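> Sequence isn't available, so here's the structure alone:
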């Protein structure tokens, strides 16, 4: 596990986690009660983007957080990750945060030494979401949230995959836009039909996370990092660590795309 845990506190506001996501380039943070290490929730990239109009961390985070202890076996930890689809699990002692274990920790510290006979093609996932490289980024982001996709591949007019975009990239290019909403308030004197009715306005100002209407090709990562379908689990893990990515495009000897492999897929080899 990683003992040097980056976390956020409640009460707190969205701007704090927004900046930390950009700075640390991670997919989620444990949330603790301010002034303590008592864990009260977890906040992910998906939470932030799905609740773009919420400003308080307490309203954005997931309060139903699964935890383990330092004595939990690695096999039990991996079982939880695979069954629940969790990318990270906080490690606690008496509800106090003492560490965190992520899929990246397992891939970088364990799977680079894997002796599994499985090949990448045996555990890869099918290619998921693909968007035309001229699609506006705000629409790409909306599509990713609706479909629950962590990444999107970009395709050009020649039907060639030419880039990739992740949820981390979405947050990087997001901005907080201030919106104003005017509410009409009407008042009058009771029991007097002839009395004047007065009207006043309440102006509500709120910040909302938005994405610019720039084309996908301006912000996507290119070229896509690839791996051969017959590569070993250890080769795949080493390449993910080298390029600090959690997915690779799988190709065959003819350079044709066969699928995509995520770090989560690599857990199947254990």
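Yep, it's here. Only a predicted model underlies this, so the values are computations on that prediction, with no experimental measurement involved.

> Please report how far residue 135 lies from residue 101.
36 Å (Cβ to Cβ, to the nearest Å). The way it works is simple: take the backbone N, C-alpha and C, and place the C-beta from them, glycine included.

> ah, wrong one, I meant residue 262
For residue 262, the distance to residue 101 - Cβ to Cβ - is 17 Å.

> again, but for residue 128
In terms of Cβ to Cβ, residue 128 sits 26 Å off from residue 101.

> the more surrounded of these two?
For residue 128 versus residue 101, the count of surrounding residues by other Cβ atoms under 10 Å is larger for residue 101: 22 against 16.

> Excluding chain neighbours, what is closest to that one?
With sequence-adjacent residues excluded and distances taken as Cβ to Cβ, 6 or more residues apart in numbering, residue 101 is closest to residue 1, at 4.4 Å.

> And the pLDDT for that neighbour?
Each residue has a pLDDT score; the one for residue 1 is 90.

> what sits against it?
70, 91, 99-101, 105 (Cβ atoms under 8 Å, 6 or more residues apart in numbering).

> Determine how far stretch 57-76 lies from the middle of the whole chain.
Distance, stretch centre to chain centre, for stretch 57-76: 16 Å (Cα atoms, centre = their mean, to the nearest Å).

> So which elements touch the one helix or strand residue 76 maps to?
Assigned by DSSP states H and E, residue 76 belongs to helix 74-84. Counting contacts by 3 or more Cβ pairs under 8 Å, 6 or more residues apart in numbering; DSSP states H and E, helix 74-84 is packed against strand 88-93, helix 103-109.

> how about low-confidence regions in the stretch 151-270 of the chain?
When residues are selected by pLDDT under 70, those of the stretch 151-270 of the chain lie in 176-207.

> mind listing the helices for it?
All helices of the stretch 151-270 of the chain, identified by DSSP state H, counting those that start in this stretch, fall at 167-173, 233-243, 263-266.

> got a list of contacts for the last one?
Think helix 263-266. Helix 263-266 is contacted by residues 81-82, 85, 87, 103-104, 107, 111, 123-125, 233, 236-237, 240, 246-247 when judged by Cβ under 8 Å, 6+ apart.
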